[in-house]
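> Structure, please.
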Amino acid sequence: MRLPFFRRRRVLAFTLVELLVVIAIIGLLASLTAPALQSAMMRAKSVQCASNLRSIGLAAMQAATDNDNTYPEIDQAAAPIYPPGSNATNLVGALGSYGITTNTIQCPIDMMSGAASSFQKYKSSYEWNPVLDDGSNVTPILTLGNIKIPVHTSRVRLCTDFLPLHNGKMNAVYGDGHVNAR
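Got it, this is the predicted structure:
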């Protein structure tokens with residue numbers, strides 16, 4: 001004998017235990033992917049920092065090319081080296097006409113530090129400090145007055161992060177425009 005139609009119908013629903021198991025599995029998967037997502041986000045911020053430094057390097061190369069292969073007088077943010085009354089200015093002042101803005105001189109990872117960031121202390125996440133760098137030997141080339149050095153050289157490190165924020169390394173831009181983590 002067949003049961004009437006309304007009695008044969010099976011109700012499709014989750015039990016409370018099944019629902020809790022599904023929620024637990026989703027939570028476990030989310031906790032496993034969180035470190036990978038955080039790592040990917042930090043890598044993206046490091047890439048943005050390298051892009052900012054590359055822009056600074058290209059602007060400095062353009063400024064030097066326009067000025068008889070002489071870099072502009074850019075004072076170091078942490079410890080000014082030029083005397084008062086000189087033409088020295090900050091990165092935005094010297095390279096603003098070449099496209100450098102306040103956003104360009106902000107490292108995204110540095111900005112995550114809030115009030116303790118280099119940008120808050122020095123108004124720049126990057127330090128202009130040209131040195132000759134062959135990997136084993138670093139020779140400062142900053143002197144009072146304009147810096148006359150060969151432009152477009154891969155051995156002149158122009159600008160770096162203030163702090164090693166990128167997995168214990170600092171991004172640096174060189175005179176030929178390439179950026180390297182040191």
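
> Residue 118 and residue 111 touch, don't they?
No: in this structure, residue 118 is not within contact of residue 111 by C-beta atoms under 8 Å, at 9.4 Å. Where C-beta positions appear, they are placed from N, C-alpha and C, glycine not excepted.

> quick one: common contacting residues for these two?
Jointly contacting residue 118 and residue 111 under the rule C-beta atoms under 8 Å, 6 or more residues apart in numbering are residue 125.

> Could you find the residue nearest the spatial middle of this structure?
Taking C-alpha atoms, centre = their mean, the centroid of the chain lies closest to residue 49, which sits 1.9 Å from it.

> From residue 34, how far out is that residue?
Noted for residue 49: a distance of 23 Å to residue 34, by C-beta to C-beta, to the nearest Å.

> Now do residue 174 against residue 13, distance only.
For residue 174, the distance to residue 13 - C-beta to C-beta - is 65 Å.

> hang on, the earlier thing: can you say which helix or strand has the residue nearest to the centre of the chain in it?
helix 16-66 (DSSP states H and E).

> mean confidence score for that helix?
In this model, helix 16-66 has a mean pLDDT of 90.

> Check stretch 79-95 too.
pLDDT averaged over stretch 79-95 gives 80.

> so how far is it off the chain centroid?
23 Å (C-alpha atoms, centre = their mean, to the nearest Å).

> Likewise for stretch 106-118?
10 Å.

> So which bits of it are buried?
Of all the residues in stretch 106-118, those buried under the rule 16 or more other C-beta atoms under 10 Å are 106-110, 113, 117-118.

> got the residues you listed as a markdown table, with secondary structure, pLDDT and distance to residue 42 columns?
Converted to a markdown table, these look like this (DSSP: H, G, I helix; E, B strand; the rest coil; pLDDT from 0 to 100; distance: C-beta to C-beta, whole Å):
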| residue | secondary structure | pLDDT | distance to residue 42 |
| --- | --- | --- | --- |
| 106 | coil | 92 | 16 |
| 107 | coil | 93 | 12 |
| 108 | helix | 92 | 9 |
| 109 | helix | 92 | 7 |
| 110 | helix | 90 | 12 |
| 113 | coil | 81 | 13 |
| 117 | coil | 86 | 16 |
| 118 | helix | 88 | 17 |
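
> For residue 89, what are phi and psi?
Dihedral angles of residue 89 (phi, psi; degrees, to the nearest 10) stand at phi -150, psi -180.
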